[in-house]
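K.L.:
Following is a predicted model, sequence given first.
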Amino acid sequence: MEVAVRWISAALFVGLCSANSVEKKIYITLNATAPCVRLMNATHQIGCQSSLTGDTGVIHLVEQESDLSWVLSDGPNPPYMVLLESSMFTRDVMLNLKSSSRVSGVAVILPPSPAPGQFSHDLKCPNDGFGLYSLNYGPEYAHCNETLWNPEGNGLSYEDFPFPVFMLKDENETQVIRQCYQEHNRPSKGAAPAFPLCAMQLSSHMHGVKDTVTCMRRSAGQVSITLNIDGACDPLSDFNIWTTIQPINKSGFASPEDRFVVAAARLDSRSFFWEVAPGTDSAVSGFIVLLAAAEALARTPDVKSLPKNIMFLLFQGETFDYIGSSRMVYDMTNGKFPIALENIDSFIELNQIGIGTSSEIWAHTDPVSLRNSTVNEQVQKLLASFSKVTAGMNISIRQPDQSQPLPPSSFQRFLRKRIIPGAVLTDHQANFTNRYYQSVYDLGENIGLRYPDGLTPEEALNHVTDTAKALADVASLVARTLYLQAGGNGSLENITANAQTVTRMLYGFVINWNNSWFHSIISQDKNDIFTKQKHISFYVSVNDPTFSTVLVEHVLYNLTGYPTNLTEEQCRDPKNIPHPDTDFFNYIWVQGTQAENASEPTPHCVRANIWLTRALSPAFELADWSSTEYSTWTESRWQKVGARIFLVASRELEVSSASRQLCSFNSPFPQSET
């Protein structure tokens, strides 16, 4: 590594000394970075951006508080590109840098694992103003007055920065930058180093400005021709996923007497940096439990004849003021979905359920609706079902004080329209136990996921971890409770989630998505996603369906669907087979597994009643871009995003480079597009 660093440094110097213009300097492109991008809602913009041609500055390493003075006042060669250690990536430091005209950008060094402590850049009161509680409903609970759910959140993800901020993801590239700084830029006994100096360029110019109203108008036809761009921003959107245990007509409508017990979870997360959203506890733990419960019930013999149907809902965009759930409620209310709100019998949501080594689950309910005696009776029945199914299990379910409101949850959007008996299951009694909520560090270790040393990828895929066993227990609890709520009276012991399935999902969604199991269950026409993707992210994005949605959809196919004997041609065009029931079932042609002595996998057709519906905020359906009822979040478009370092020979050349460096810029990031 040291040899490589010295070679790069020498190459930079030789290139600099042998050239008389900026264009001929040697640049080292940084390929493993993630930018902070601009997002907008009805009232303002958040995030980061550079100037049109990118921003340049002399690199200065900030490892401790005292290093800031060089950047903010003492250093003679501003503007500075701050190389920021993770311990200094705090709200106070970032706002200090924001207020200085001597800062041109920030590159944040974030190691693979966090230091002990808290690391949440989300709000202390997530989704405030778009949940259930308001001046008109439970005002004492509005704005997290009763319970501050994310007390360690510093809100940095919701600040607006006038300069680019990038995350450095590769330790080797980070070491190259450090070495360049040490050899050329490090002050000696308070004295400024001589030129040449090591500089960095960050480019992330955003086309969206001010707020969603402004950028949507611009996208609708008021775009400046000189920018040569097609639109300024796009609504955050994707697809919700839904299925029912007893298939229903997706093009029809349920009868008023039809009853559905709903189980729901969210699919998305976020962090300060674009598409770096591991979301292991905040999202993945919940939807894995839901998927495992769906598998357990789908294999239960009498479940399709129960008095009530069971529906599974997976929502996208919940991080951004409940995009998916608010759209689902809107569609149910306006006759655009097969069932109405009035058909929902009860509601169970899985939300931050990665219990780790704990065996306690907390069932949260709405204290306001419990004041209604009928609702209270129904909720108590649901809670009694939870308690009943935990008998003999290695898990217990507890209730917080009934004066405590619901945590941020999709269920709140349903209760805004209709009082429904229900509960939100979490791993926290009050404040989030997730110390890394909505951050780059919401990783597998955050829920206790560990693997023995020396396992091959295939061995790790199938190694049943303690975390998988714990989540399988929760899934069994949920499946059995849904069965009771739907009117089942059979043996509960036979309804058990498969820990092997859970461990495969954990490995695939948290550790390594490019694995043999995911390959085997993906439809052949989607197989190119494995070559297109570099990592999995649970950010909702503007490109739909996202990679994570496609994966979850296909896992649900695998867990609840059934293989058929259809040919590939019949599977891809089932209209030509007798009784295809395409309003009740979908068909996909999957890769299949590879037999022990076979050279190729054996593809086959799977039939299941898995459906996608738009997770686009009703605000955009209604063209109400200033809505206070629905999410209005949009993502700015851009043309090029990237980072690189170089040596600058003099102050004059540094200034010159700031205006001319776009000429040879090569971006590792694609343009944001719909």
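P.N.:
Yep, it's here. Numbers count the residues shown, from 1 in each chain.
K.L.:
wait, what's in contact with the nearest residue to residue 328 once chain neighbours are set aside?
P.N.:
Nearest residue to residue 328 in three dimensions, chain neighbours excluded: residue 240, at 5.9 Å (CB to CB, 6 or more residues apart in numbering). In short, each C-beta sits where N, CA and C put it, glycine included. Listed by CB atoms under 8 Å, 6 or more residues apart in numbering, the contact set of residue 240 reads 313-316, 324, 327-328, 612-615.
K.L.:
Go again with 6 Å.
P.N.:
Going by CB atoms under 6 Å, 6 or more residues apart in numbering, residue 240 touches 315-316, 324, 328, 613, 615.
K.L.:
Let's have these in TSV, adding distance to residue 485.
P.N.:
Below are the contacts of residue 240 laid out as TSV (distance: CB to CB, whole Å):
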residue	distance to residue 485
315	20
316	25
324	23
328	20
613	23
615	26
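K.L.:
isn't there a helix covering residue 504?
P.N.:
Yes: counting by DSSP: H, G, I helix; E, B strand; the rest coil, residue 504 is located in a helix.
K.L.:
thought it was touching residue 515?
P.N.:
No: contact criterion CB atoms under 6 Å: residue 504 and residue 515 do not qualify, at 8.0 Å.
K.L.:
Which residues are in contact with each of the two?
P.N.:
Common neighbours of residue 504 and residue 515 (CB under 6 Å, 6+ apart) are residue 461.
K.L.:
and those two? which has more neighbours close in?
P.N.:
residue 504 (24 against 18; other CB atoms under 10 Å).
K.L.:
Contact partners for that one?
P.N.:
If you count contacts by CB under 6 Å, 6+ apart, then residue 504 has 461, 517 around it.
K.L.:
rerun at 10 Å
P.N.:
For residue 504, the contact set (CB atoms under 10 Å, 6 or more residues apart in numbering) comprises 288, 461-464, 468, 498, 515-518, 521, 555, 558.
K.L.:
got it, and residue 411?
P.N.:
Contacts of residue 411 by CB under 10 Å, 6+ apart are 131-132, 262, 264, 325, 347-349, 351, 364-366, 420, 422-424.
K.L.:
Tell me the backbone dihedrals of it, please.
P.N.:
Taking degrees, to the nearest 10, you get phi -50, psi -30 for the backbone angles of residue 411.
K.L.:
out of everything not next to it in sequence, what's closest to it?
P.N.:
Excluding the flanking residues, the one nearest residue 411 by CB to CB, 6+ apart is residue 349, at 4.8 Å.
K.L.:
measure the one you found to residue 286 for me?
P.N.:
Distance of residue 349 to residue 286, computed by CB to CB, to the nearest Å: 8 Å.
K.L.:
so what sits against both of the two?
P.N.:
Common neighbours of residue 349 and residue 286 (CB under 10 Å, 6+ apart) are 264-266, 409, 424-426.
K.L.:
Now flag whichever of the residues you listed is closest to residue 595.
P.N.:
Using CB to CB, residue 265 comes nearest to residue 595 of those, at 34.2 Å.
K.L.:
Kind regards, and thank you for your time.
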